[in-house]
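In: below are the sequence and a predicted model for it; my questions follow.
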Amino acid sequence: MNREEHEGRQGEVRRAIEQIGTCVVDSAIRVHCALGPGLLESTYEHCLAYELRKVGHSVDCQVTVPIQYREIKIDAGYRLDLLVDRLVIVENKAVERFLAIHAAQLLSYLRLTNLKLGFLINWNVSLLRDGLHRYVNEL
């Protein structure tokens, strides 16, 4: 594959990731409008997965993320809430407010999986736009 073909392929992947991201946001808004704040994270996770699958996305829930340290692989119990089309991570929270550790967790997951885009969603807000944060791993 020459450089132009490689750059073209990278552009296609970026566009696909952006389309998934748009769908995540649209689907999250639908779920939040229907349910509002105050429920458990797991409720929002199941409903968001349903919405995303309904429009044709592959969604895996509670995906194990092992840690590679030197020559050993450690299953330390880290799990992605949602992995959409094996390209985008969604972490769900139902908290009074985001803490720095929530963003650090998502950024670590992006780095450990070598994925580019993730969303941190706090469902416990009146307007979802106040609880929706997009993070990009610059690899």
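Out: Received it, and whenever you're ready, just let me know what you need.
In: what's the neighbour count on the closest residue to residue 137 other than its chain neighbours?
Out: Once flanking residues are discounted, residue 137 sits nearest to residue 110: 3.7 Å by Cβ to Cβ, 6 or more residues apart in numbering. (Each C-beta comes from the backbone N, C-alpha and C, glycine too.) For residue 110, the count of nearby residues is 21 (other Cβ atoms under 10 Å).
In: equivalent analysis for the one 3 residues further on, please.
Out: By other Cβ under 10 Å, the residues close to residue 113 number 17.
In: what's around the closest residue to it other than its chain neighbours, how many residues?
Out: Spatial nearest neighbour of residue 113, chain neighbours left out: residue 65 (6.3 Å); criterion: Cβ to Cβ, 6+ apart. By other Cβ under 10 Å, the residues close to residue 65 number 16.
In: which ones are touching residue 65?
Out: Residues near residue 65 by Cβ atoms under 8 Å, 6 or more residues apart in numbering: 78-80, 109, 112-113.
In: element containing residue 110?
Out: In this structure, residue 110 sits in helix 100-113 according to DSSP states H and E.
In: packing partners for whichever helix or strand comes after that helix?
Out: Next helix or strand after helix 100-113 toward the C-terminus (DSSP H and E): strand 117-122. Applying 3 or more Cβ pairs under 8 Å, 6 or more residues apart in numbering; DSSP states H and E, one finds that strand 117-122 contacts helix 3-35, strand 88-93, helix 100-113, strand 132-136.
In: which of those has the highest mean neighbour count?
Out: With neighbours defined as mean count of other Cβ atoms under 10 Å, those peak in mean count at strand 88-93, which reaches a mean of 23.
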